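Asks: have a look at this prediction, sequence included:
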Amino acid sequence: MSGERYQVVIVGAGLVGTAAALALGRQGVRVALVERQPPATPTDTWDTRIYAISPAPQRFLERIGAWQRLDTDRIQPVYRMDVTGDAHGTIRLDAYESGVSHLATILESGRLQHALWQAIEADGNVALHCPAAIESLDRDGASTRLTLADGTTLEADLVVGADGAASRIREWAGLTSTLTPYGQSGVVANFECERPHRGTAFQWFFDSDILAWLPLGGNRMSMVWSTRTAHADELLALDGVALADKVRAAGHDRLGDLHLLTSAAAFPLRLIRVDAVVAPGVALIGDAAHGVHPLAGQGVNLGFGDAEILVDVLARRPARSYCGDVRVLQRYARERAEPVRRMQALTHGLHHLFADTRAGWLRNAGMRIVDHLPPMKAVLVREAMS
């Protein structure tokens with residue numbers, strides 16, 4: 001083999017792939033990042049792709065120098081979360097009561113992507129191949145050759161698949177996955193609000209639907225409405241005023257009049273289980289490694305956990321081993337197996353609990369009981385923050 005030689009080549013420069021590359025570069029690892037197109041420069045328009053970043057991933061992003069590059073006017077801490085069932089069951093999670101500064105931070109995907117990209121360019125430790133498309137991958141012994149469309153060849157001890165739910169790296173490595181569609185879509189849009197949200201996130205469960213309002217900077221909020229696909233299509237067909245009225249009514253008028261800021265969009269909801277996330281010379285992270293229902297907002301947080309643990313495992317590998325050594329990679333797989341399994345079981349179970357109309361009395365009674373048990377709520381907060 002011949003070509004540019006790296007210890008690690010990461011395929012996919014989404015949030016998780018870029019964070020992993022940045023972290024590896026700071027550890028002194030020879031790393032390259034391959035991506036089809038560079039991220040768009042943020043504008044004043046609010047991004048419809050919103051994430052709730054938990055404190056643990058936030059600390060990881062701070063350590064690698066990305067969080068500090070965010071515009072503080074465009075991020076919003078969550079101090080409380082009000083969850084309401086379909087028969088007066090309620091739970092309030094409060095940061096102050098739980099002894100923490102905040103539960104999560106709401107931010108725009110595009111702005112976090114831009115901050116990560118800026119940090120990579122400022123560091124200069126990552127070889128960027130962007131825009132670039134992979135023509136072929138060939139495994140030979142302990143190395144993999146990646147041939148790009150422009151003829152460039154890269155040799156890697158380890159190829160990291162960070163290329164999303166339809167991962168080409170996962171398919172090439174023969175790592176099988178099971179996709180379970182929920183028959184639902186997530187409808188997203190941003191709104192200006194009449195009343196202040198005061199850093200509160202709201203979530204309602206009703207008619208097999210899950211509606212979440214996430215606070216944005218200023219007097220704004222981002223909606224995620226998980227609903228059956230036919231209803232999602234109906235919501236997308238509404239004009240801005242009609243959609244705002246529909247969302248306001250579904251949220252029991254908690255924030256008064258709503259004014260649509262961004263056009264609504266939708267994405268399919270599905271569970272993705274990957275049988276193995278590593279093979280000799282290959283590791284998967286982020287959506288390539290797992291997919292969860294968005295009701296807990298933990299998908300990207302799981303991905304950042306993948307990146308952090310993979311970087312840590314590679315940094316601690318024995319002196320005589322190399323980054324693609326499957327014995328090293330299996331440590332990463334073991335450390336990530338339980339957090340991913342636990343979150344998939346939680347979100348999948350909650351989806352079915354609230355989709356089953358026969359279980360209404362059980363779920364609402366359970367919510368009322370938990371709301372009167374501060375220690376139980378503290379456990380929920382700690383789990384959500386990890």
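Replies: That came through, no problem.

Asks: quick check: can you list the domain ranges of the protein?
Replies: 4-41+48-67+109-179+270-352, 76-104+185-267+355-385 (automatic domain parsing).

Asks: so the residue nearest the centre of the chain: helix, strand or coil?
Replies: In the chain, the C-alpha nearest the mean C-alpha coordinate belongs to V300, at 1.5 Å (C-alpha atoms, centre = their mean). Assigned by DSSP: H, G, I helix; E, B strand; the rest coil, the conformation of V300 is helix.

Asks: picking up where we left off before, which of the domains of the chain is buried the deepest?
Replies: Ranked by mean neighbour count, these are led by domain 4-41+48-67+109-179+270-352 with a mean of 20 (mean count of other C-beta atoms under 10 Å). To be clear about C-beta, it is placed using only N, CA and C from the backbone, and glycine gets the same treatment.

Asks: just give me how far that domain sits from the chain centre.
Replies: Averaging C-alpha positions (C-alpha atoms, centre = their mean, to the nearest Å) puts domain 4-41+48-67+109-179+270-352 12 Å from its chain's average.

Asks: and for stretch 267-281?
Replies: That offset, for stretch 267-281, works out to 14 Å (C-alpha atoms, centre = their mean).

Asks: only C-alpha atoms, please: export it in CSV.
Replies: The C-alpha trace of stretch 267-281 is given here as CSV (Å, rounded to 0.1, in the frame of the first residue of the first chain):
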residue,chain,number,x,y,z
PHE,A,267,-38.0,13.1,9.7
PRO,A,268,-38.9,9.4,10.1
LEU,A,269,-38.6,7.9,13.6
ARG,A,270,-36.9,4.6,13.9
LEU,A,271,-34.9,2.4,16.2
ILE,A,272,-31.5,1.1,14.9
ARG,A,273,-29.7,-1.7,16.7
VAL,A,274,-26.3,-2.6,15.5
ASP,A,275,-25.1,-6.1,16.4
ALA,A,276,-21.4,-5.1,16.7
VAL,A,277,-19.9,-1.7,16.5
VAL,A,278,-16.3,-2.8,15.9
ALA,A,279,-14.3,-5.1,13.7
PRO,A,280,-10.6,-5.3,13.0
GLY,A,281,-9.6,-1.8,11.8
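
Asks: that older thread, give me the pLDDT for the residue nearest to the residue nearest to the centre of the chain when sequence neighbours are not counted.
Replies: In space, and not counting its chain neighbours, V300 is closest to Y51: 4.9 Å by C-beta to C-beta, 6 or more residues apart in numbering. For Y51, the model assigns a pLDDT of 93.

Asks: isn't there a strand covering Y51?
Replies: Yes - secondary structure assignment places Y51 in a strand (three-state DSSP).

Asks: quick check: the residue lying closest to G3 once chain neighbours are set aside vs S185, distance?
Replies: Excluding the flanking residues, the one nearest G3 by C-beta to C-beta, 6+ apart is T153, at 3.2 Å. According to C-beta to C-beta, to the nearest Å, T153 and S185 sit 41 Å apart.

Asks: quick one on the thing from earlier: and the residue nearest to V300, what are its bridge partners?
Replies: With DSSP bridges as the criterion, Y51 is bridged to L107.

Asks: how close does it get to F304?
Replies: Taking C-beta to C-beta, one finds Y51 at 10 Å from F304.

Asks: do A162 as well
Replies: A162 is 11 Å from F304, by C-beta to C-beta.

Asks: which neighbours do the two share?
Replies: Jointly contacting A162 and F304 under the rule C-beta atoms under 8 Å, 6 or more residues apart in numbering are V16.

Asks: residues touching Q118, list them.
Replies: Here Q118 is in contact with A66, R69 (criterion: C-beta under 8 Å, 6+ apart).

Asks: that one in helix, strand or coil?
Replies: Under three-state DSSP, Q118 comes out as helix.

Asks: okay, it: pLDDT?
Replies: 96.

Asks: what separates it from F202, distance-wise?
Replies: Taking C-beta to C-beta, one finds Q118 at 33 Å from F202.

Asks: and G161, by the same measure?
Replies: 36 Å.

Asks: so who does the nearest residue to A133 once chain neighbours are set aside touch?
Replies: Among residues not flanking A133 along the chain, A149 sits closest, at 4.3 Å (C-beta to C-beta, 6+ apart). Counting by C-beta under 8 Å, 6+ apart, A149 makes contact with A132, A133, I134, E135.

Asks: ok, R74 touching S109?
Replies: No - here R74 does not reach S109: they are 11.6 Å apart, not a contact under C-beta atoms under 8 Å.

Asks: so the closest residue to A40 other than its chain neighbours versus P38, what's the distance?
Replies: Leaving aside its chain neighbours, A40 sits nearest to G110 (6.3 Å; criterion: C-beta to C-beta, 6+ apart). From G110 across to P38, the span is 12 Å (C-beta to C-beta).
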